[in-house]
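**Q** no sequence for this one, just the structure:
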């Protein structure tokens, strides 16, 4: 029986194909100058291994028609549409993480998101050599993109939420190696003539994430009280007052005085052009070049955070206070809700290292 006019059709494509049955609907009519007649322009809804599946897909489309051009959007195109909705709400370090995650998902970037299944996503994750933390971020980003697509009637199911990380948990976690006493001494030796070395020492003696320091605004630095505020963080526990050790206070004063000369740059730390540091540039040039000169290039930025925690532990600072200083979530409900430290204890603790 013929389908009604405008209903669409199922056709079998020539050749040996895994999915030979194509579902198509008329997108428009146009005059073909060569044939000198009006012809149909088609949009293809999908390709199927069985004719019955193709007929079912066509029926579903006619029951609830959708924009075929939108339904064909790729994972990359969905990302490009979604990212501007988040750019003004997150930190630069978060944008950097998004960029890393979309590069992990690059093998699927040109696939229509409605055609991506769990097997595709799982293969990308399983074949990646990234750490469990980064792969977890990639899974979360994929899930967000699928949710965005579902809300906009581009696809129907969020397969990213079923990605299994258990097979990559062992062996792919990056080993955190704290800076040794000799490593720290080497940084102190070059600090008088190396601004990047002062930044690395500031990271070691505060325990903050790199992005938290690079994005520190002038108004959130309180030199006389010896602390600064982290007002944007990837976790609620990360929103905190960070004590400044007396050892590195002169470095904060140096950068504050330098940035004060710039009326347009809002951050305490400024690059050679008088602008805020970009994480990628800091990592590629300032961090890498400084540590390479000292033979310490194996260290990663997050090692500074672990170094601070290690130093505080060796100074017998109580664990609850350490977690409060570095912005880690408490281990118990009581600690999360009811524990409030006198900030002078945090200052005394950070001065022990």
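**A** Looks like it came in fine. Here the structure is a predicted model, which means the values were calculated and not measured.

**Q** Mark out where each domain of the chain begins and ends.
**A** 9-65, 75-162, 181-350 (automatic domain parsing).

**Q** Go through these and find the least confident stretch.
**A** Least confident of the domains of the chain, judged by mean pLDDT, is domain 9-65 with a mean of 79.

**Q** State the number of residues packed around residue 316.
**A** Each residue near residue 316 was counted by other Cβ atoms under 10 Å, and the total is 8. For glycine as for every other residue, the C-beta is placed from the backbone atoms N, C-alpha and C.

**Q** again with residue 145
**A** Applying other Cβ under 10 Å, I find that residue 145 has 26 neighbouring residues.

**Q** Show me the residue at the heart of this protein, geometrically.
**A** Against the mean C-alpha coordinate of the chain, by Cα atoms, centre = their mean, the closest residue is residue 97 at 2.4 Å.

**Q** is it fair to say residue 40 lies in a strand?
**A** Yes: assigned with DSSP: H, G, I helix; E, B strand; the rest coil, residue 40 falls within a strand.

**Q** for it, which residues make a bridge with it?
**A** residue 29 (DSSP bridges).

**Q** my guess is it meets residue 26, correct?
**A** Yes: counting by Cβ atoms under 8 Å, residue 26 is a contact partner of residue 40 at 4.9 Å.

**Q** To residue 2, which of the domains of the chain lies closest?
**A** domain 9-65 (9.3 Å; Cβ to Cβ).

**Q** Outside of stretch 255-268 itself, list whatever touches it.
**A** For stretch 255-268, contacts defined as Cβ atoms under 8 Å, 6 or more residues apart in numbering pick out 198, 214-218, 221, 223, 228, 252, 269-270, 274-277.

**Q** Just the buried positions in it, please.
**A** Buried residues in stretch 255-268, counting neighbours by 16 or more other Cβ atoms under 10 Å, are found at 255, 259, 265, 267-268.

**Q** Sort out which one of those lies nearest residue 245 for me.
**A** Distance to residue 245 across those (Cβ to Cβ) is lowest for residue 255, with 15.0 Å.

**Q** That closest one belongs to a helix?
**A** Yes: using three-state DSSP, the assignment for residue 255 is a helix.

**Q** Hmm, residue 215 is touching residue 276, no?
**A** Yes: contact criterion Cβ under 8 Å: residue 215 and residue 276 qualify, at 7.1 Å.

**Q** Number of residues surrounding residue 275?
**A** By other Cβ under 10 Å, 12 other residues sit near residue 275.

**Q** With adjacent residues omitted, what lies nearest to it?
**A** Excluding the flanking residues, the one nearest residue 275 by Cβ to Cβ, 6 or more residues apart in numbering is residue 265, at 5.8 Å.

**Q** Check which residues of the longest helix seen in the chain are buried.
**A** Using DSSP state H to define each element, the chain has its longest helix at helix 132-151. Across helix 132-151, burial judged by 16+ other Cβ under 10 Å covers 132, 134-139, 141-146, 148-149.

**Q** can you check stretch 219-228 too?
**A** Residues of stretch 219-228 classed as buried by neighbour count (16+ other Cβ under 10 Å): 220-221, 226-228.

**Q** what sits against the closest residue to residue 191 other than its chain neighbours?
**A** Using Cβ to Cβ, 6+ apart and skipping the chain neighbours, the partner closest in space to residue 191 is residue 197 (4.5 Å). Residues near residue 197 by Cβ under 8 Å, 6+ apart: 187, 190-191, 290.

**Q** now those as TSV including neighbour count?
**A** Converted to TSV, the contacts of residue 197 look like this (neighbours: other Cβ atoms under 10 Å):
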residue	neighbour count
187	20
190	15
191	18
290	20
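
**Q** Just flag the most distant two among those.
**A** Greatest spatial distance among the contacts of residue 197 (Cβ to Cβ): 191 and 290, at 10.1 Å.

**Q** residue ranges of the helices in the stretch 251-353 of the chain, please?
**A** Counting by DSSP state H, counting those that start in this stretch, the stretch 251-353 of the chain has helices at residues 279-281, 288-293, 302-314, 319-326, 333-338, 343-350.

**Q** could I get those helices as TSV with distance to residue 21?
**A** Below are these laid out as TSV (distance: least, Cβ to Cβ, whole Å):
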stretch	distance to residue 21
helix 279-281	46
helix 288-293	54
helix 302-314	51
helix 319-326	58
helix 333-338	56
helix 343-350	67
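
**Q** closest one to residue 242 among those helices?
**A** Residue 242 lies closest to helix 319-326 among the helices of the stretch 251-353 of the chain, at 7.0 Å (Cβ to Cβ).

**Q** Find the residue closest to residue 293 in space, skipping its chain neighbours.
**A** In this structure, residue 293 finds its nearest non-sequential neighbour in residue 190, 7.6 Å apart by Cβ to Cβ, 6+ apart.

**Q** just checking, what packs against the host helix or strand of that neighbour?
**A** Per DSSP states H and E: residue 190 is located in helix 181-190. Packing partners of helix 181-190 (3 or more Cβ pairs under 8 Å, 6 or more residues apart in numbering; DSSP states H and E): helix 195-204.

**Q** Right, I'll leave it there.
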